[in-house]
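>>> here are the coordinates; sequence isn't available:
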């Protein structure tokens with residue numbers, strides 16, 4: 001069986017991410033990019049879909065693991081009757097190709113070890129041609145070549161490469177797996193020990209730049225490292241998660257590809273990076289954002305590829321049985337074709353934030369924003385698919401209208417606060433019309449709360465964003481009533497559900513885990529309302545769901561008591577960072593956005 005989601009840790013080189021289970025099996029890796037075909041896909045199938053396991057041959061009595069402080073270098077300790085070893089895993093950023101380094105270190109006694117390498121390219125479908133090379137093996141299929149180099153002897157067993165060896169106290173046995181294009185010469189591989197030293201120094205230098213202090217510094221720093229791991233260094237884009245099709249409900253069909261960059265994550269990501277002292281990454285993300293959305297405003301998408309690609313066709317991989325039988329397995333994401341009005345607000349809010357922290361706007365960048373506002377002025381009254389990317393009918397979602405208000409509000413402030421040229425009077429007029437529309441059509445007086453969409457009788461967790469973006473004060477009676485209604489109808493087992501999936505609003509079968517970001521938003525509302533004991537208790541509960549190495553997925557199943565959804569999830573870690581800052585910083589992200 002595939003490991004539980006919380007049993008995985010990640011290693012990364014800021015171009016791709018590998019998932020390593022606590023039994024020493026590397027079950028997911030796409031090379032050379034996050035969104036490339038996987039060469040190890042056991043995560044979504046079986047061992048035969050590709051994995052790379054290094055572990056003791058005998059019975060394992062105990063397993064412990066950790067990251068070296070301030071790094072993404074994973075150490076897993078195995079204890080057996082023979083002794084103990086440590087498996088060190090990392091993906092160094094240096095190197096001519098893309099390398100995965102694994103080093104077995106003897107700690108006590110002499111431990112019998114086994115390595116199993118099953119390379120299956122094309123998401124677990126393609127068995128490569130394997131041949132022996134000096135110091136290891138080479139596997140080739142189509143455009144991909146993978147070379148394993150190690151000082152221990154390897155041999156073939158069936159369609160896998162196997163090594164049996166032993167490690168005594170103080171001994172170190174390295175394995176280096178390197179990807180390169182198959183049509184090019186062998187680029188060579190990194191020196192494993194040198195890569196370990198350099199990678200630790202580089203990660204420590206980066207993480208030491210974190211300016212966050214206080215009781216949550218460690219978990220915030222780990223979340224920041226996770227965001228860095230999900231950053232595609234060549235472009236600055238940040239993928240939503242390292243995986244595709246990990247289910248929101250075990251055995252269900254809510255399985256999506258998140259190796260893609262969502263625009264709505266921009267504002268949250270910028271606040272978390274800037275608030276923690278990472279202006280360079282924030283600048284790179286802003287540049288990626290402007291490049292991605294450039295073009296005809298009518299063609300704005302809600303998500304893009306890591307280099308700004310627009311075509312992200314959604315297909316199903318029918319040869320993969322899915323994580324614990326959760327099918328279909330999808331790559332690509334058809335939501336790229338949806339209309340979601342809120343992304344205009346997210347883009348304008350993100351770029352407004354960039355200006356407030358000193359990332360100077362360009363003339364071309366402001367011209368693009370003006371064009372976006374001109375198009376939004378024409379379409380804001382249309383229904384859309386909303387923040388949750390529903391696959392049912394379009395509706396007038398309240399959150400979407402609020403974010404359209406945000407777009408015009410930030411455009412007005414660009415003129416008022418930064419002296420940029422634009423029709424501020426017209427934008428103010430549209431802003432006021434949207435505000436009136438939301439307060440009249442999106443608020444249900446009988447319920448005493450804002451509702452999911454105009455005419456609805458149900459609430460939605462996205463309504464928690466209204467005070468966080470400054471639409472109304474957190475203490476406004478209408479916001480207090482909305483929070484109360486969400487507490488009464490959407491909190492289940494201590495977590496905030498996105499919305500009622502039984503209403504068929506999203507066109508999918510009902511049932512999913514608790515979307516963790518929504519619960520962090522509730523904690524933010526508590527903080528803004530002065531309900532600090534409740535905010536802190538909720539934050540501590542949520543952050544306590546992180547696995548033993550500090551990682552969180554998209555959702556949590558409170559019944560099965562396990563993580564579900566794609567992993568690790570950038571939006572969850574961004575929300576954790578922002579809530580921690582809201583609770584500890586003099587002016588956290590929620591307070592800053594409210595003031596804006």
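Cool, the structure landed. Because the structure is a prediction, the values reported are computed rather than measured.

>>> May I ask you to name the longest helix in this protein?
helix 398-418 (DSSP state H).

>>> Could you check how far that helix is from the centre of its chain?
Relative to its chain's centre, helix 398-418 lies at 26 Å (Cα atoms, centre = their mean, to the nearest Å).

>>> Repeat that for stretch 306-318.
With Cα atoms, centre = their mean, you get 17 Å for stretch 306-318.

>>> Please apply the same query to stretch 341-350.
A distance of 19 Å separates the centroid of the chain from that of stretch 341-350, by Cα atoms, centre = their mean.

>>> do stretch 141-151 as well
In terms of Cα atoms, centre = their mean, the centre of stretch 141-151 is found 28 Å from the chain centre.

>>> buried sites along that stretch?
141, 144, 145, 146, 147, 148, 149, 150 (16 or more other Cβ atoms under 10 Å). The C-beta positions use only the backbone N, C-alpha and C, and glycine is treated the same way.

>>> who are the neighbours in contact with the fifth one?
When contacts are counted by Cβ atoms under 8 Å, 6 or more residues apart in numbering, residue 147 is found next to 133, 136, 137, 138, 139, 177, 178, 180, 186, 189.

>>> Now, of these, which are buried?
136, 137, 138, 139, 177, 178, 180, 189.

>>> Return the member of the residues you listed nearest to residue 28.
Nearest to residue 28 among the buried ones among the contacts of residue 147 is residue 177, at 14.0 Å by Cβ to Cβ.

>>> So residue 83 sits against residue 110, correct?
Yes: here residue 83 reaches residue 110: they are 6.1 Å apart, a contact under Cβ atoms under 8 Å.

>>> Following element in sequence after the longest helix of the chain, please.
Tracing the chain C-terminally past helix 398-418 and defining elements by DSSP states H and E, one meets helix 424-441 next.

>>> quick one, that following helix and helix 398-418 angle?
Orientation check (axes from the mean of the first three to the mean of the last three Cα atoms, to 10 degrees): helix 424-441 against helix 398-418 gives 150 degrees.

>>> So for helix 424-441, what gets flagged as buried?
Neighbour-count burial for helix 424-441 [16+ other Cβ under 10 Å]: 424, 427, 428, 430, 431, 434, 435, 437, 438.

>>> Can you add pLDDT and give those residues back as a markdown table?
A markdown table is the format used below for these (pLDDT from 0 to 100):
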| residue | pLDDT |
| --- | --- |
| 424 | 97 |
| 427 | 98 |
| 428 | 98 |
| 430 | 98 |
| 431 | 98 |
| 434 | 98 |
| 435 | 98 |
| 437 | 98 |
| 438 | 98 |
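
>>> And the residues you listed, which is closest to residue 2?
For those, with residue 2 as the reference and Cβ to Cβ as the criterion, the closest is residue 438, at 44.5 Å.

>>> and that closest one, what is it in contact with?
Shown in contact with residue 438 (Cβ under 8 Å, 6+ apart): 398, 401, 402, 405, 450, 471.

>>> cool, residue 276 as well?
For residue 276, the contact set (Cβ under 8 Å, 6+ apart) comprises 210, 211, 212, 220, 224, 577, 581.

>>> for the contacts of residue 147, which one is nearest residue 155?
Distance to residue 155 across the contacts of residue 147 (Cβ to Cβ) is lowest for residue 137, with 9.5 Å.

>>> For the residue lying farthest from the centre of the chain, name its beta-bridge partners.
Computed with Cα atoms, centre = their mean, the residue of the chain farthest from its C-alpha average is residue 109, at 40.4 Å. In this entry, residue 109 is beta-bridged to residue 83, by DSSP bridges.

>>> I'd like the distance between it and residue 81.
Residue 109 sits 9 Å away from residue 81, going by Cβ to Cβ, to the nearest Å.

>>> Over to residue 130?
As judged by Cβ to Cβ, residue 130 and residue 81 stand 34 Å apart.

>>> can you give me the strands for the stretch 451-596 of the chain?
491-492, 495-496, 514-515, 555-557, 562-564 (DSSP state E, counting those that start in this stretch).

>>> With mean pLDDT and distance to residue 259 added, can I get those in CSV?
Formatted as CSV, the strands of the stretch 451-596 of the chain follow (pLDDT from 0 to 100; distance: least, Cβ to Cβ, whole Å):
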stretch, mean pLDDT, distance to residue 259
strand 491-492, 90, 29
strand 495-496, 95, 26
strand 514-515, 91, 19
strand 555-557, 95, 17
strand 562-564, 96, 17
